[in-house]
Structures are given as C-alpha cells and as structure tokens.
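Chemist: Structure of the sequence below:
(chains A and B)
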Amino acid sequence: MPANRFNGNSDYGVGIGLRVPHYQHIFAKKPVVNWFEIISENFMVDGGRPLQILDQILERYRVVQHGVSMYFGSAEPLNREHLTRLKKLVKRTKTPWLTDHLCWGSVDGRYTHDLIPMPYTFEAAKRAAQKIREARDFLEVPLAVENVSSYAEFHVSEMTEWEFLNEVVEDADCGILLDVNNIYVSSRNHGFDPFEYLHRVPAERVAQIHIAGHSKYQKYILDTHDHPVIDPVWALYARAIEMAGPTATLLEWDDRIPSFNEVHREALKARRYQPAQLREAS
Amino acid sequence: MNLEQLQQAVFEVTRQPLTPSEQMRPRLPDGRSIREIANALIKPNDRMTSFERLQIYNQQYWFRIMSSLSEDFPGLRSLISERKFEKLAVAYLNECPSESFTLRNLGSRLEAWLRKHREYIAGVERVALDMVRLEWADIDAFDALDLPRFMPAESGQLSGATVFRLQPHLHLLDLAYPVDDLLLHARGLNAKSETVSNAVLKFPHKAKIRRSSLPKPGKVYLAVYRLQGGVYFKRLTRNGFALLQALGQGQPLEKAIEVFLLRPRRRLDRIGPQLQEWFQDWSSLGWFAQP
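Modeler: As a prediction, this is how the structure comes out:
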C-alpha cells in the first residue's frame, strides 16, 4: 500500500545507481537488486552501447530515471530537444516516476553542468513550479524534485530552503525526491538544524529518498558521493522514514566507486530503518 | 534584481577562467570587481566570505568541464604538453561554453575553433587537427544512430541506379597523418575515468603524459564505425574511400563507380572482383543502411 499519493512504489525498497564499473559484475553475476537508478542524460542518445546495456538491464531489473540537467529553476524555458529525448527514454524504460533537481544551471542556452541553488524568492518558486508542470504534462509521468546540496545562499532570498521547497511542490503539485545527505551537507554549510528542515518537509509528498556520502573540508562540506553514509545522515534517514513511511530509497555512489558488493551492502543498511514488512519484501 | 539578472550575473562570474593557482579571479574582463559582485549576491557565513562561497561554484565549473574535455581528447593531450593542453582547453571552453544538456557534446566545436586558433597547436598543426577530427568521430560513432542494415548482395535489388545510405555512425576521414595508431597509443596512457558525480574535486592531473614522438606524414583513409557496441577504425584504400564517399554523398552506384573508375583509368571488368569484395566486406561490417 502506498505510503502517500506520490509514493505508489513503496515496494521498491532499496536500490543503487547503475554505474559503468559495475556492468561486468551485474551481467556476470546477475545479483538480486530491487531497482537501479539511471542518470537519464547518459542514455538520451541515438544508439550504441549505452542503449544496448540499458536494454539488457531492463530485461532483468526495474529502472527509475534520475536527471541532472532539466534545470527547473533556470529562468529560461525548458529545452524542447531535451524533453523530446527524455520522453523517448521514458517510453523505453517505463520508469514509474521521474526525478530531477530543484536548481538552476543554464543561462541563455549555455550549460554549467552544475546544480546551482535557487534564490528562494516567490518569483523563482512560481516559475520553477510552472516548468515542472509543463515537463510533467509533456512527459506524462509523475515527477519528483530533489533538494540539492549548496555552498552559497543569496541575499535576495525571501524564505528558507524548506519553505521554498514547499512553495514549489505545492504549486506544481509534484513529489519530492528527498536527499537527506543534501540536507545534512547544506545544514553544515549554512548553519541550520537539519532536523528542522526535515520536519518542515511535506512528508505526504515524498516519493523517493536519496542517501550518500560526502567530503569534509576545512570550511565547508562538498557533496562528492564518494564515501559511505555517515551516522548523522542515517539518523536523518531514519526520521524521514518515520515521517514518510516506507519509501523507495537509493544510495548514490558516483566517484571512487568501490566494488558492486560494497556499494550494494552500504545501500542495504537502509533496510534497518524500513518497517519490518518491507525489510522482508526487499 | 530579478531571476534572469541574478542567474546571468552568477553565470558570468562562475564561467570566468581560474587563476593559475585555481582560485577565482579578482576581476571580470571589463574590470568590475568580482569581490563586489559576490558581496552583492551571496551571503557570507562565519567561516567563508561571499567571494569564497561563490568561488566553489567557479572551481566546480572549471574542474568539471576541463575534466570532461581532457578525457575526450587524450590524443590531442599526448601531442602537446599538459600545460599547453590546459591553456588550449581553457581558451576553447571560455569561447565555446557548453550549449548542450550533455557533456558528450563539449568537444563538438573544437576542430573548427582550432582552425581559427592555430597558435595553440603551433608546431603540430596538421597532426593535431587530424587527431581532433578522429577523436570527435570516435565520440560520435560511439552512440550515433544505427539504422536497419542494408545487405545489397542479398537484396537482389542491386542496380546501377541503387542509392546507398551510409550508417550515421560511420565517419570517413581523409587524414594526412596516421593518427589512428597514435590515438591507440595515447589511450594506453590515459585510462578513462568513471566519475559521474556532480562535485569534482580538482582538475585530473593524471600520470604525466610524455610528448609522443610525432609520426611521419602519411595519407590515411580511415573509416570510424561502430559494430556490436564497440567503435573501430579501419583503414581503406584511396579508391575504396572515394567510392564510399561518393555513395555517402547520395550518388547512385553507377555514378559512384564512374568516379572510382576515373581516378586511375580502369576497366570495369578488371575491378569487378575488387568491388564485390569491398561490398561484401562493408556490408558485413554494417556500414550500409536501408535506403
């Protein structure tokens, strides 16, 4: 039974990102994995090995698409070519829901390939919500937006990040991909209480959760996805599950990627915090 | 300041090249102080100034795109020194920022840009331009469209009027240097990274690349194509290359063969077996698409 109307896939349990260094292991060993998350842009191509690999994965596993460059927060309109390619991929993967970030990263058709935080203004929230609605109508698949980690805050902001997130998802009537590691990273970089953020998230809209590791520097924390999940992030995850109920969860490990088994083992630690019936199912 | 203005201001700063010590520059090219811009846009915190916080995005931008371009063009890197490659890459990316949602297309304008900025490849111009053409063909062949195959020998519909269509992933390169060998050598020096993270720690100064000994000039007619997911290089004869090029330009078989015959004057009955062998070979490699 779905935990909320944006989370019709509670049974997905715990998944991991599909990454090139693991291809050989996956095809040779055919490990049991609840689902794989793919980076949409890596497969929005016309042909070749990426699509061959994807088709082989789809024969055996469930796949959910996660994007990195839709840029709902950019002031410019959505890129139609991007949307068209994305829709083609959605038809191929039959992803039950689709996620991308609540951020900006392109200006006048030029791309930063970064996830830059929003100025938390009503104007920005309204425009982002409109773009999310447009994308969802075109793609015809449920959408959820992810909170990003950030290293800077803008003077023009009129509200907190969590208030901004609420404003956008209510207006767009979309789901949330709640990244608890990003909440932690931003809380350390900006000096807020991560649990205050978490408690203000509309739990009834949480469609998926991300967990990940990060790198600590002298003056800030960088969201590098190259370490195991630390205990304070697990604590946030446990609370998020209490609030949102059983929720599809994914471990991101994108750099200095260890063996498949190590990544999968780290991801499955999340089961400890899932309700008993879901632990058994996954 | 509205949303467009804020994003334009941040983008203008974050896309400014870093200093040699990989820090954010103090001023924009028009002389405006970046510190003042940062102070106006970004809140400081108890550990970092506005400038330092904005600098993280400036560094991330350059580390990411430099890393991507560097991985895409190991052959070019091997032809010039590491320092020169970095200088070239910064100048190119500064002038030609990404206009695609995917980093895959970052080097799509590099050859055209280098033709206008030969100072970055001084001393190795022709070989470097050949290398960039080959490396871009390799990138494109990897994931370009693969149309349903046409097997002319089996179709029974072959006539002089047959118009062939070459596969979109097939690139025909007329090279002045044997850069195919050089690229395979360079790849051995540069293992491709598997990084997909959005956060990049620094520009990847990998194992030091020694300047390869330059090959002697030598005409190479090369096909770059994809077969069963892998990208391959195949050297062609001059005549085979000319024939394929004519077919790729949409000339009917009869006309394409005429072009081929005119080069060194040959009689059709003598080249028949050669043509048959080529078409069998090219068909088996999947180079022809359904017209």
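
Chemist: And the closest residue to residue B:218 other than its chain neighbours, how far from chain A?
Modeler: Closest residue to residue B:218 apart from its sequence neighbours, by Cβ to Cβ, 6 or more residues apart in numbering or on different chains: residue B:178 at 5.3 Å. Just so you know, the C-beta spots here come from the backbone N, C-alpha and C atoms, and that holds for glycine as well. Relative to chain A, residue B:178 is positioned 26 Å away (Cβ to the nearest Cβ, to the nearest Å).

Chemist: who's in contact with residue B:178?
Modeler: Applying Cβ atoms under 8 Å, 6 or more residues apart in numbering or on different chains to residue B:178 gives the contacts B:215, B:218, B:220.

Chemist: quick one: contacts for residue B:250?
Modeler: Shown in contact with residue B:250 (Cβ under 8 Å, 6+ apart): residue B:163.

Chemist: SS state for it?
Modeler: On the three-state scheme (DSSP: H, G, I helix; E, B strand; the rest coil), residue B:250 is labelled coil.

Chemist: Give me the distance between it and chain A.
Modeler: 21 Å.

Chemist: May I see the PyMOL selection of the buried members of the contacts of residue B:178?
Modeler: To isolate the buried ones among these in PyMOL, judged by 16 or more other Cβ atoms under 10 Å in any protein chain shown, type:
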select buried, chain B and resi 215+220
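
Chemist: got the contacts of residue B:178 as JSON lines, with distance to residue B:240 and secondary structure columns?
Modeler: JSON lines is the format used below for those (distance: Cβ to Cβ, whole Å; DSSP: H, G, I helix; E, B strand; the rest coil):
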{"residue": "B:215", "distance to residue B:240": "22", "secondary structure": "coil"}
{"residue": "B:218", "distance to residue B:240": "17", "secondary structure": "coil"}
{"residue": "B:220", "distance to residue B:240": "13", "secondary structure": "strand"}
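
Chemist: which one of the contacts of residue B:178 is nearest chain A?
Modeler: Distances from chain A to these, taken as Cβ to the nearest Cβ, are shortest for residue B:220 (24.1 Å).

Chemist: give the contact list for that closest one.
Modeler: Residue B:220 touches B:173, B:175, B:176, B:177, B:178, B:179, B:180, B:235, counting by Cβ under 8 Å, 6+ apart.

Chemist: Any stretches of the chain with poor pLDDT?
Modeler: If you meant another chain, say so; for now it's chain A. For chain A, the stretches with pLDDT under 70 are A:1-4, A:276-282.

Chemist: wait, I meant chain B there
Modeler: Applying pLDDT under 70 to chain B flags the ranges B:153-157, B:189-212, B:260-269.

Chemist: swap the cut-off to 90 and go again
Modeler: Residue ranges of chain B with pLDDT under 90: B:1, B:81, B:150-163, B:185-216, B:253-276, B:290-291.

Chemist: tell me the phi and psi of the residue nearest to residue B:218?
Modeler: Torsion angles at residue B:178 (phi, psi; degrees, to the nearest 10) stand at phi -80, psi 70.

Chemist: next one: the one 3 residues further on
Modeler: Dihedral pair for residue B:181: phi -60, psi -40, per degrees, to the nearest 10.

Chemist: wait, does the lengthiest helix in chain B make contact with chain A?
Modeler: Criterion DSSP state H: the longest helix present in chain B is helix B:50-72. Yes. Using Cβ under 8 Å from any Cβ of the partner chain, we find that helix B:50-72 touches chain A at B:50, B:52, B:53, B:54, B:56, B:57, B:60, B:61, B:64, B:65, B:68.

Chemist: can you give me the helices for the stretch 101-250 of chain B?
Modeler: Under the criterion DSSP state H, counting those that start in this stretch, the stretch 101-250 of chain B carries helices at the ranges B:110-116, B:125-143, B:152-155, B:179-189, B:238-248.

Chemist: and the second one, does that touch chain A?
Modeler: If I follow you right, that is helix B:125-143. Yes. Using Cβ under 8 Å from any Cβ, helix B:125-143 reaches chain A at B:142, B:143.

Chemist: buried residues in that helix?
Modeler: Neighbour-count burial for helix B:125-143 [16+ other Cβ under 10 Å]: B:127-143.

Chemist: Domain map for chain B?
Modeler: Taking automatic domain parsing as the domain assignment, the record places the domains of chain B at B:1-72, B:73-194+B:203-289.

Chemist: and residue B:161, what is it in contact with?
Modeler: B:252, B:253, B:254.

Chemist: Show residues contacting whichever strand or helix holds residue A:198.
Modeler: Taking DSSP states H and E as the criterion, residue A:198 maps to helix A:194-200. Applying Cβ under 8 Å, 6+ apart, the contact partners of helix A:194-200 are A:160-163, A:166, A:180, A:183-184, A:186-187, A:232, A:236, A:239-240, A:243.

Chemist: go on, stretch A:24-40?
Modeler: A:12-18, A:54, A:56-57, A:60-68, A:86, A:89, A:93, A:98, A:100, A:248, A:250, A:259-261, A:264, A:282, B:196.

Chemist: One more: stretch A:151-165?
Modeler: With Cβ under 8 Å, 6+ apart as the criterion, stretch A:151-165 contacts A:102, A:117-122, A:124-125, A:145, A:147, A:150, A:167, A:176, A:186, A:189-190, A:192, A:196-197, A:200-201, A:220, A:222, B:1, B:6, B:40-43, B:50, B:53-54, B:56-57.

Chemist: and if you look at stretch A:72-80?
Modeler: So stretch A:72-80 is contacted by A:70, A:100-109, A:116, A:118, A:124, A:127-128, A:131-132, A:134-135, A:145, B:2-4, B:7, B:101 (Cβ under 8 Å, 6+ apart).

Chemist: Having no further points to raise, I will conclude here.
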